[in-house]
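**Q** the sequence and its predicted three-dimensional model are supplied below.
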Amino acid sequence: MESLEELRHPGRVLHIHEKLSSPSRKRSLSEKMRRHEEKLAKAQELRENFIQAKTDKLKDLFKKIEEVRQDKECLLDKKRELFQRKMQRAEEKRKQHLQEIVNKAHDEENKAKEIAFINGLEAQNKLHDIMQQHQSHESRLADMAEERTRRQEEKAAKEVAAQERRKALEAERQARMAELCEKRRRRCERIDRQQAERREELLEQAREKARDREERLSALQQAQLAKESELVKKIQQKQEESARRHEENIEQIRQRALESSIMKYSRGCDDAPKLVRYETKKLCTLCSSLITSEVYLLSHLRGRRHQEALKALHQADVVSTEDSETYNLKHIVDAPANIDDPQVTRDRERHKALRRRCRKIRTRMITRGKEYNSAFKPAPRRDSPNKVRIIKALQQISKLVTNQGSGPWPSADLAALDRPLLELARIMEKRETADQMMFSAQDGFSKIDSVLKAILDSTEQRPCVLPAKSLGYSGRVLLGVCRKSMDNCRHTLYSNLVGNLIDYLMQRLSELVIETTRVGSNSSINTIANLPPDAASAAIFEVLSEVVYVLCDGDIQPAVASQDKGVKDQADFTWQRLQDVVSYCVSVGLADKVSWYFSHVQGPLDNDAGVVEVILAAMRLVSALAKTLAMRSLPEDPTQLIGTLHVTDACGVVSLLYGILLHQGGRSSMPQAPSKLSQTTYAITVAATTLLHNLASLDLPMFQGVLGSEGISLEFRHIASYLLWYCSYWPCEDILHNIIPLVGFFAVNNKENQMVIQSGEVPSVLQQLCNLPWKYFSEPSLTSVLFPTLLACCLHNHDNMIILQQEMSFQVLEDFLHNNQACDKPLIHILQRTHVQG
């Protein structure tokens, strides 16, 4: 069809006809050949023209290339010539410079002349400049003098005119003054006459009034006495009424505050409560529990015991917020004044039993000390470079103590005592073994003990005859003598000097209790009175802890891996003495005093360096006692230290941390980043968390029982949450690597404590642990810190496992659990032991 359409294209026939009828088809062959040859000739001509044009272009191009090449060669020649000229010029300059150096070296006189000429020229220039400036100044001064003269003339003219005006005004004023003086004289004469007449009248009236006054005065005095007595009665009544109304208002405010706290905590508020003690203890009539502060109120309302009591009262599995709030307001009331606190009763009975036990332990320690002292032979003396200074200082101390009477020391004697004590302290700070042994050979322990013995002579009415500063210096001397010295520490222990130091320490702590009670008796219970510092207590704490640490590391620890009978006998002998020391500390109530001191910290201690020193030293001693007991695995605690730590809530160290870190509230009260901890707060935090870690290593059930108790568990949860939050802004491995294992020890194999760490405000403690930086999940040295705690928090707890799996994969923890890296971790040992027992 397409071929047909092409054949039938319109006009095709006409086009073919015109083509066939074209004149060129009718030409002859010769004509055609001629025309063809003409075309060939023309084409040949065009081709030659094209080739010629192309040849011309190539010639022009080659010509330009040759010109460029010549230009380049010319340029290179110029550069070469320029370089040669520069080299020649440089050579000339170098020669010239060398010649100048030679000339300069051989012609200093010319140089001096040139310098003199230049200086003279500069001086002439300066003189010329000065002359020009002087001329300009002279011209300006002349202009100024002319201007000043003109102004003075104008001023003189004005002054003359003003003088004329003043003269005219003065004449007018004199005339007016004369007229006024005349008027005043006449008025004064008239007034004098009137006053004389009036004076006579007044004198007569005064005589009459005096008679009337005498008559009324006696009557007024009697009326005044009666009125004053009646007014005193009214004032007393008003004061009594005002005091009664004030007490009622205060009580109403307290009641409203209590109701507000109950309502807030019943509605699920998770803010960190402030460490505020109630003036009157509160009683939960539903659970028969005493509540002492807001912390214990929140912990009790959220506790399982109270929640189960609410469910039993409501007879339902779930209690609504409104019903819970209603029941809490109804059943949280003021505790009656005659109610017995079970804790106080138990403490009273415990102290009674401890006093009986204390007498036996003290008698045994004194007997052993006398036996040691009778058989003691000082070690051979070693020459010391400070021998003369040590002997002289000890002789001065002994002389001053011997010559003193029973009253307070004079200021001169106190200064004389402080000098040798400071001298000995400076010598012992160098920790030279020869100095320490020389001190012991010169019977320095008994002489320092004679100074400290003044502590026992003090009473509440009669203070110590020596100030705390001097007693602190004595403690510093003993600390320097025992520092890293095995022989001196053994002597301190075996001679029962340790027992004396404990007695001195208890006496000082009792005085601190009395002083704080006396200061706080005039104020509210919630008024944070400054705790009294005591250099003597801090020094004795340090001495006791140093002795215990040195003997544990030097005598008891080597016997663990040694088979030598002598080493083991020495370790057993030291252990018996240290066991008596720990038992005596428990029996005299040292842990209770430390707990009392710690519990009175309710705020920062940045400005109380003395208090911080006492707290840190006390923590170190408690850690030393715990370490001593942990050195031997005993089925029972013969020292009763563990039971005492349980009763005293771990010496109140958790409440101490809570008062220091959360005195202004928790994370919810700080919308921005937390402020950086001060050096004192940082030191106390590290020491407190280290102490808690030692207590957990000593006895885990006691540790979990204390930190899981009502009130303490809430404080620990807020402390852990705050420190994890703080370390996310201010990285601090010392604190973080202490608090992470503490959370693990707190939660391991304890269902209730595991629920504590996943409760509270979001993010909870468990969520904060899961959200630590990535390096804690990737670096082996850091995973060994975090992963045991996560395993302890989540194993055998379905709810915590769900929270953990929302943040990370549990497979990572399983891999770590089966890794050799986890074998030496205490938490892993506890989990594996529990798994084997199960």
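**A** Looks like it came in fine.
**Q** tell me what the helix or strand hosting residue 142 is packed against?
**A** Here residue 142 sits within helix 108-266, counting by DSSP states H and E. Counting contacts by 3 or more C-beta pairs under 8 Å, 6 or more residues apart in numbering; DSSP states H and E, helix 108-266 is packed against strand 277-284, helix 294-302, helix 321-331. To be clear about C-beta, it is placed using only N, CA and C from the backbone, and glycine gets the same treatment.
**Q** hmm, try it at 6 Å
**A** helix 294-302, helix 321-331 (3 or more C-beta pairs under 6 Å, 6 or more residues apart in numbering; DSSP states H and E).
**Q** avg pLDDT for it?
**A** Helix 108-266 shows a mean pLDDT of 83.
**Q** cool, stretch 555-571 as well?
**A** Across stretch 555-571, pLDDT averages out at 81.
**Q** and what of stretch 485-504?
**A** Mean pLDDT, stretch 485-504: 91.
**Q** list the buried ones in it?
**A** Using 16 or more other C-beta atoms under 10 Å as the test for burial, stretch 485-504 gives 485, 488-504.
**Q** in helices, which of the residues you listed appear?
**A** Among these, the members falling in helices are 488-494, 497-504 (criterion: DSSP state H).
**Q** once you drop chain neighbours, what's closest to residue 513?
**A** Closest residue to residue 513 apart from its sequence neighbours, by C-beta to C-beta, 6 or more residues apart in numbering: residue 596 at 6.4 Å.
**Q** what helix or strand is the one you found located in?
**A** helix 590-599.
**Q** chain center to that helix: distance?
**A** Centre-to-centre, helix 590-599 and its host chain are 24 Å apart (C-alpha atoms, centre = their mean, to the nearest Å).
**Q** average pLDDT for that helix?
**A** 88.
**Q** check which helices and strands it is in contact with.
**A** Helix 590-599 packs on no helix or strand, going by 3+ C-beta pairs under 6 Å, 6+ apart.
**Q** after it, heading C-terminal, what element do we hit next?
**A** Following helix 590-599 in sequence order, the next helix or strand is helix 609-630 (DSSP H and E).
**Q** got the CA positions of that following helix in PDB?
**A** The C-alpha trace of helix 609-630 is given here as PDB (Å, rounded to 0.1, in the frame of the first residue of the first chain):
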ATOM      1  CA  ALA A 609      36.900  23.100 107.300                       C
ATOM      2  CA  GLY A 610      37.100  21.800 110.900                       C
ATOM      3  CA  VAL A 611      33.800  19.900 110.700                       C
ATOM      4  CA  VAL A 612      34.900  18.400 107.300                       C
ATOM      5  CA  GLU A 613      38.100  17.300 108.900                       C
ATOM      6  CA  VAL A 614      36.300  15.500 111.700                       C
ATOM      7  CA  ILE A 615      33.800  13.900 109.200                       C
ATOM      8  CA  LEU A 616      36.500  12.600 106.900                       C
ATOM      9  CA  ALA A 617      38.600  11.200 109.700                       C
ATOM     10  CA  ALA A 618      35.600   9.500 111.300                       C
ATOM     11  CA  MET A 619      34.700   7.900 107.900                       C
ATOM     12  CA  ARG A 620      38.300   6.700 107.600                       C
ATOM     13  CA  LEU A 621      38.100   5.000 111.100                       C
ATOM     14  CA  VAL A 622      34.800   3.300 110.400                       C
ATOM     15  CA  SER A 623      36.200   2.000 107.100                       C
ATOM     16  CA  ALA A 624      39.300   0.800 108.900                       C
ATOM     17  CA  LEU A 625      37.200  -1.100 111.500                       C
ATOM     18  CA  ALA A 626      35.100  -2.600 108.700                       C
ATOM     19  CA  LYS A 627      38.300  -3.600 106.800                       C
ATOM     20  CA  THR A 628      39.600  -5.300 110.000                       C
ATOM     21  CA  LEU A 629      36.500  -7.400 110.400                       C
ATOM     22  CA  ALA A 630      36.500  -8.300 106.700                       C
END
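**Q** any idea how far residue 128 is from residue 65?
**A** Here residue 128 is placed at a distance of 67 Å from residue 65 (C-beta to C-beta, to the nearest Å).
**Q** now swap in residue 513 and tell me
**A** 112 Å.
**Q** higher neighbour count, the two?
**A** Counted by other C-beta atoms under 10 Å, residue 513 and residue 65 do not tie: residue 513 has more neighbours, with 15 against 10.
**Q** name the helix or strand for that one, please.
**A** Residue 513 belongs to helix 497-520, assigned by DSSP H and E.
**Q** and that helix, C-alpha only, in CSV?
**A** Presented in CSV, the C-alpha positions along helix 497-520 are these (Å, rounded to 0.1, in the frame of the first residue of the first chain):
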residue,chain,number,x,y,z
LEU,A,497,47.5,3.3,124.1
VAL,A,498,44.8,2.7,121.6
GLY,A,499,42.3,2.1,124.4
ASN,A,500,43.3,5.4,126.0
LEU,A,501,42.9,7.2,122.7
ILE,A,502,39.4,5.7,122.3
ASP,A,503,38.5,7.0,125.8
TYR,A,504,39.8,10.5,124.9
LEU,A,505,37.9,10.4,121.7
MET,A,506,34.6,9.4,123.4
GLN,A,507,35.1,12.2,126.0
ARG,A,508,35.6,14.8,123.2
LEU,A,509,32.6,13.5,121.2
SER,A,510,30.4,13.7,124.4
GLU,A,511,31.5,17.3,124.9
LEU,A,512,30.6,18.0,121.2
VAL,A,513,27.1,16.5,121.8
ILE,A,514,26.6,18.7,124.9
GLU,A,515,27.8,21.8,123.2
THR,A,516,25.6,21.3,120.2
THR,A,517,22.6,20.4,122.4
ARG,A,518,23.2,23.6,124.4
VAL,A,519,23.4,25.8,121.3
GLY,A,520,20.4,24.2,119.7
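**Q** please renumber the chain so that the first residue is 443 from this point on.
**A** Will do, 443 is the new start, and the previous item becomes helix 939-962.
**Q** now for residue 1243: which residues touch it?
**A** With contacts defined as C-beta atoms under 6 Å, 6 or more residues apart in numbering, residue 1243 is in contact with residue 1236.
**Q** is it fair to say it lies in a helix?
**A** Yes - counting by DSSP: H, G, I helix; E, B strand; the rest coil, residue 1243 falls inside a helix.
**Q** from residue 1250, how far off is it?
**A** Here residue 1243 is placed at a distance of 11 Å from residue 1250 (C-beta to C-beta).
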